[in-house]
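# Sequence first, predicted coordinates after that:
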Amino acid sequence: HRPLPAPSARLARRALSAAPAAAKPGPPGGSDVPRLNIGIFGAMNAGKSLLMNRLAQQEASIVDATPGTTADAKTVFIEIHGLGPAKLIDTPGVDETGALGAKKRAKALAVLKECDLAVVVVDARRLGTGDPLAAERELLEAAARACALPALVFNCRGPPPGPEAVEAARRGLCEGLAALAVEGAAARGVSFPYDRADLDGAHALALDLHAGARAGP
């Protein structure tokens, strides 16, 4: 993927909170139009497909309470106001067990390497429970090594977590990502394209994706 200038990265992050008003259908796949690659990642039933549909303003991905409903990557092309053409990619949950789960996880990680912006969706009900959010941390580390900018969306299915809980989770998940990104860039023989603060200070939103309305800071 192409390194994304920091101002454009911040615009892309803001587009998450501005959606759905910020998006409209974009140029079809296969065109030569430069586009931003935005991948949506997370555990099963975190709300990835809900976010995909919200950003795309269409039923692009199947939403169901059955874990593992998303079996393969789903792509939609949109136009983000103030940023331009973008490709949204919904991915399978990375925490499914068994041989099929391993294949889905490998697919998600392969998609991540193509992304400019990696949006990790977290079920906010897991905050404050002692859950280490290991799958989400693994995704963020892989994103950093691929020089994809991270963003976090905490999906609130009920009373939203307080700002302190969101910030504590954000800090814990993003600690040390900049160092991993610098190492990853050096291993590939390229320069680290972002400010370190763009990784360790990853953008975080608390949203009620089921209601499609903002639920937190």
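Cool, got the structure. Residues are numbered from 1 along each chain as shown.
# Can you tell me the strand partners of the helix or strand where residue 153 lies and which way each runs?
Assigned by DSSP states H and E, residue 153 belongs to strand 149-155. Its sheet considered, strand 149-155 pairs with strand 117-123 (parallel), strand 203-208 (parallel) by DSSP bridges.
# what's the most buried one of the ones you listed?
Highest mean neighbour count among those (mean count of other CB atoms under 10 Å): strand 117-123, with a mean of 26. C-beta coordinates here come from the backbone N, C-alpha and C atoms, glycine included.
# For that one, give the mean pLDDT please.
Per-residue pLDDT over strand 117-123 has a mean of 92.
# ok, now stretch 129-142?
For stretch 129-142, mean pLDDT rounds to 93.
# residues near the nearest residue to residue 201 once chain neighbours are set aside, how many?
Leaving aside its sequence neighbours, residue 201 sits nearest to residue 174 (CB to CB, 6 or more residues apart in numbering; 7.3 Å). The local packing of residue 174 (other CB atoms under 10 Å) involves 22 other residues.
# list the contacts for residue 174?
Shown in contact with residue 174 (CB atoms under 8 Å, 6 or more residues apart in numbering): 140, 150, 152, 199-202.
# Please list the members of these that lie in helices.
Judged by DSSP state H, helices contain the following of the contacts of residue 174: 140, 199-200.
# Any figure for the gap between the residue nearest to residue 201 and residue 203?
Applying CB to CB, to the nearest Å, the value for residue 174 to residue 203 is 10 Å.
# Pull up the overlap in contacts between these two.
Shared contacts of residue 174 and residue 203, counting by CB under 8 Å, 6+ apart, come down to 150, 152.
# By mean pLDDT, point me to the weakest helix or strand of this structure.
Using mean pLDDT, DSSP states H and E, strand 213-214 stands out as the lowest-scoring helix or strand of the chain, at a mean of 38.
# got the CA coordinates for the longest helix seen in the chain in CSV?
Longest helix in the chain by number of residues (criterion: DSSP H): helix 98-112. The C-alpha coordinates for helix 98-112 follow below in CSV (Å, rounded to 0.1, in the frame of the first residue of the first chain):
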residue,chain,number,x,y,z
GLY,A,98,-10.2,-24.9,14.3
ALA,A,99,-8.9,-25.3,10.8
LEU,A,100,-11.5,-23.0,9.3
GLY,A,101,-10.8,-20.3,11.9
ALA,A,102,-7.1,-20.5,11.1
LYS,A,103,-7.8,-19.9,7.4
LYS,A,104,-10.1,-16.9,8.2
ARG,A,105,-7.4,-15.4,10.4
ALA,A,106,-4.8,-15.8,7.7
LYS,A,107,-7.1,-14.1,5.2
ALA,A,108,-7.7,-11.2,7.6
LEU,A,109,-4.0,-10.7,8.2
ALA,A,110,-3.2,-10.9,4.5
VAL,A,111,-5.8,-8.1,3.9
LEU,A,112,-4.2,-6.0,6.6
